[in-house]
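Novice: With the input below, show me the fold.
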Amino acid sequence: MQFSVLASGSTGNSLYVEHEGKGYLIDAGLSAKRMTEQLTAIGRSIEDVEAVFVTHEHSDHIKGVGVLARKHKLPIYANEKTWAAMSKSIGQVPSDLQYNFKMESVESFGGLQIESFGVSHDAADPMFYAMHANDRKLAIITDTGYVSDRMKGIIQAADAFVFESNHDVGMLQMCRYPWSVKHRILSDVGHVSNEDAAVAMSDVIGDKETKIFLAHLSKDNNMKELARMTVSQILQSFDVPVDHQVQLFDTDPDIPTKLMNV
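Specialist: Take a look at the predicted model:
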């Protein structure tokens, strides 16, 4: 199994996963044109994509979904409440390309098993995914106000994580945002901070070598260097061997990560 974080941030989110020569997208939060460009940058094309799996209906996760379905005949998977919530935003999707992916279920695509799980975010029925293949696991968890014990149990001991590290609390408190927006981000249905992300990571990292991609960083209230430093320091305070057993990686809203093996 290989993957690339094609884009991550408030301007658009998408992740490419490949197994047995077949590609899958988790979200398509960029325009269809930009999605094609991001795939080209990692040596892949839209023709390599078999399906799109949607996490929730916010625009930075579904911007390209409708066009990809109509233009490239890509099947779209989402749960029922998300389908209802995003229908006006993505336009008409042919019925034969609409698939229901139930919350807390596992679907098989050849040798790849995709497990869905709920998160806490201000969307209709937000859920993320853990990808399983050949006894390896990739866990994707962003857009959640906190990481519950239930979520931790599902993502536990993954070989690679794409993990939200959205904001620095101090920067958020001092920024120009209205209080209502700050309250929303800090709430249980908002986004996880650098500090809270690191504490949650310390609970789910196993004993094997692990890659962690810090994702969905706020462009106004975080910096790659700050997120990486904060997470690294907190993990080390829990005796997690960062830069040895555990490696931290940046993500970017515009530049995809290179294809990595899980």
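Novice: Which parts of the protein are helices?
Specialist: 32-41, 59-62, 65-72, 80-90, 149-155, 169-174, 179-186, 194-204, 224-237 (DSSP state H).
Novice: Just the angle for the fourth one relative to helix 65-72, thanks.
Specialist: This points to helix 80-90. In terms of direction (axes from the mean of the first three to the mean of the last three CA atoms, to 10 degrees), helix 80-90 departs from helix 65-72 by 80 degrees.
Novice: again with the first one
Specialist: Here the directions of helix 32-41 and helix 65-72 differ by 70 degrees (the same axes, to 10 degrees).
Novice: Which elements pack onto helix 32-41?
Specialist: strand 2-7, strand 14-19, helix 65-72 (3 or more CB pairs under 8 Å, 6 or more residues apart in numbering; DSSP states H and E). (Glycine included, C-beta is placed from N, CA and C.)
Novice: pLDDT of that helix, averaged?
Specialist: Averaged across helix 32-41, pLDDT comes to 98.
Novice: so where's the stretch 101-250 of the chain shaky on pLDDT?
Specialist: Under the criterion pLDDT under 70, no range of the stretch 101-250 of the chain is flagged.
Novice: possible to save the helices and strands packed on helix 32-41 as a markdown table with mean neighbour count and distance to residue 205?
Specialist: Below are these laid out as a markdown table (neighbours: other CB atoms under 10 Å; distance: least, CB to CB, whole Å):
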| stretch | mean neighbour count | distance to residue 205 |
| --- | --- | --- |
| strand 2-7 | 25 | 18 |
| strand 14-19 | 24 | 20 |
| helix 65-72 | 19 | 32 |
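Novice: wait, which of the helices of the chain is closest to residue 119?
Specialist: Among these, helix 149-155 comes nearest to residue 119, with 6.5 Å by CB to CB.
Novice: Now the closest one - C-alpha only, CSV.
Specialist: Extracted in CSV, the C-alpha atoms of helix 149-155 (Å, rounded to 0.1, in the frame of the first residue of the first chain):
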residue,chain,number,x,y,z
ASP,A,149,-11.2,6.4,23.2
ARG,A,150,-13.4,4.8,20.5
MET,A,151,-11.5,6.6,17.7
LYS,A,152,-8.2,5.6,19.4
GLY,A,153,-9.2,2.0,19.4
ILE,A,154,-9.8,2.0,15.7
ILE,A,155,-6.6,3.8,14.6
